[in-house]
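Novice: Could you work out the structure for the sequence below:
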Amino acid sequence: MTISTQNFPAVSFYALSIHTGIQTCAWALTGDSQKTDAVVPLIKLAELKSYARFSLLSKDYPALIKYDETSIVDGLLLYPQDKSQRKKLDDFEGEAYMVTLVQVTVVGEEGRMVDADAYLWNGERDAVSADCWDLDTFIQERLDDWIELFAGIELVGEDAE
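Specialist: Purely as a prediction, here's the structure:
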């Protein structure tokens with residue numbers, strides 16, 4: 001479900017590595033995964049505790065779900081510049097993910113925690129594998145296919161205010 005962007009938090013948490021996350025955010029916000037220079041200033045490294053990434057059966061992308069208190073997911077904080085960018089992120093993630101407010105730790109900032117929206121799996125529970133999602137496998141086997149698949153497509157968003 002896409003949430004209203006009327007009062008969006010300034011921060012979104014993406015449970016992806018720096019390389020994959022920046023390319024994904026660049027595509028979602030600009031329509032071109034190579035325009036990473038447009039998103040790098042909007043990103044900080046972060047960690048999310050008590051959550052984990054699991055594989056989805058017959059899917060390339062992960063499910064981020066609440067797990068045990070010792071688990072940590074590394075990812076990116078993205079500071080959207082306006083409502084249009086936030087709407088593009090919501091549209092990219094789609095209805096299978098639910099926007100949930102979480103607290104993340106900003107890496108390299110002495111344990112500073114910030115509130116952020118994370119896209120948690122909201123699909124069928126039986127679609128989630130018992131296996132953790134492996135980023136390296138995704139990068140080696142599927143990332144180029146995803147970049148090619150979405151090349152030239154741009155998310156519309158809405159007028160910036």
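Novice: would you list every one of the strands in the protein?
Specialist: Here the chain has its strands, by DSSP state E, at 12-14, 43-49, 51-56, 62-66, 72-78, 97-106, 113-121, 128-132.
Novice: Just name the most buried of those.
Specialist: strand 12-14 (a mean of 25; mean count of other Cβ atoms under 10 Å). From N, CA and C alone the C-beta is placed, and that goes for glycine too.
Novice: that older thread, so can I have TSV of the strands of the chain showing mean pLDDT and distance to Lys35?
Specialist: Below are those laid out as TSV (pLDDT from 0 to 100; distance: least, Cβ to Cβ, whole Å):
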stretch	mean pLDDT	distance to Lys35
strand 12-14	70	17
strand 43-49	91	13
strand 51-56	90	25
strand 62-66	90	24
strand 72-78	88	14
strand 97-106	92	24
strand 113-121	91	22
strand 128-132	88	30
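Novice: In CSV: the ones you listed, plus distance to Gln23.
Specialist: Shown next, in CSV, are these (distance: least, Cβ to Cβ, whole Å):
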stretch, distance to Gln23
strand 12-14, 11
strand 43-49, 11
strand 51-56, 17
strand 62-66, 16
strand 72-78, 11
strand 97-106, 19
strand 113-121, 17
strand 128-132, 21
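Novice: mind checking the longest helix of this structure?
Specialist: helix 18-30 (DSSP state H).
Novice: any idea of the angle that one forms with strand 43-49?
Specialist: With axes from the mean of the first three to the mean of the last three Cα atoms, to 10 degrees applied, the angle from helix 18-30 to strand 43-49 works out at 120 degrees.
Novice: Quick one: mean pLDDT over helix 18-30.
Specialist: Helix 18-30 comes out with an average pLDDT of 79.
Novice: Check which helices and strands it sits against.
Specialist: strand 12-14, strand 43-49, strand 72-78, helix 83-93, helix 135-141, helix 143-150 (3 or more Cβ pairs under 8 Å, 6 or more residues apart in numbering; DSSP states H and E).
Novice: what inclination does it have with respect to strand 72-78?
Specialist: 40 degrees.
Novice: Buried residues, helix 18-30. List them.
Specialist: Within helix 18-30, the residues scored as buried using 16 or more other Cβ atoms under 10 Å are 20-30.
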